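> Sequence and predicted model, in that order:
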Amino acid sequence: MMRTIVFAIFQLLATAVCAQKPPQEEVKAVVLSLFEGMRLGDSAMVHSTFMETAQMYTILRNKEGQPILRKGSLQKFLNAVGSTHDQVWNEPIWDIEVKIDQDFAQLWASYAFYAGNTFSHCGVDAFHLFRTEEGWKIFQITDTRKKEGCKIPGEIKDKFQ
């Protein structure tokens, strides 16, 4: 009950603040809300950032070094976020670029994923968002994943050591 109240207050404040922000900051706020929901293990907060028809993809290389495009599932992602984990999921982003054309936005950013203080992988997140009556919503995420060759800023590495 308390989590629902806190979430409702957060949404109201986010909506009020977004009304005063430039569109690029509105888009960034949606993506940061997704990551905050992941960190909190709050699947409702994460879900609020997505359109119901959202698509998820990951680009990675298999053991033979061949590129793979893996289609994900929003529902499986939400279930994973909302399930109990031993460690907090953190996905800091940097080098953020936002581009907007009318009601379409793209946010591109480098990221590193940590389970607790343990580095898992890094890559690039590319979010596609659509401006709805309720505000910007993610309709597609594509990310890349690798474990080596990551250029993570020192201030981020330092947080997780």
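Looks like it came in fine.

> helix/strand/coil for the residue sitting furthest away from the middle of the chain?
Relative to the mean C-alpha coordinate of the chain, counting by C-alpha atoms, centre = their mean, the farthest residue is residue 64 (28.6 Å). Look at residue 64: counting by DSSP: H, G, I helix; E, B strand; the rest coil, its state is coil.

> Tell me the spacing between residue 57 and residue 72.
Using C-beta to C-beta, to the nearest Å, one gets 7 Å for the distance from residue 57 to residue 72. Every C-beta, even on glycine, is put in place using the N, C-alpha and C of the backbone.

> Residue 157 too?
According to C-beta to C-beta, residue 157 and residue 72 sit 27 Å apart.

> And for residue 36?
20 Å.

> Same check on residue 37?
As judged by C-beta to C-beta, residue 37 and residue 72 stand 16 Å apart.

> just residue 140 next, same as before
Using C-beta to C-beta, residue 140 is found at 11 Å from residue 72.

> Can you give me the buried ones in stretch 102-121?
By neighbour count on 16 or more other C-beta atoms under 10 Å, the buried set for stretch 102-121 is 105, 107, 109, 110, 111, 112, 113, 114, 119, 121.

> now for those residues, which pair is the farthest apart?
Greatest spatial distance among those (C-beta to C-beta): 105 and 119, at 29.3 Å.

> Sounds good, over and out.
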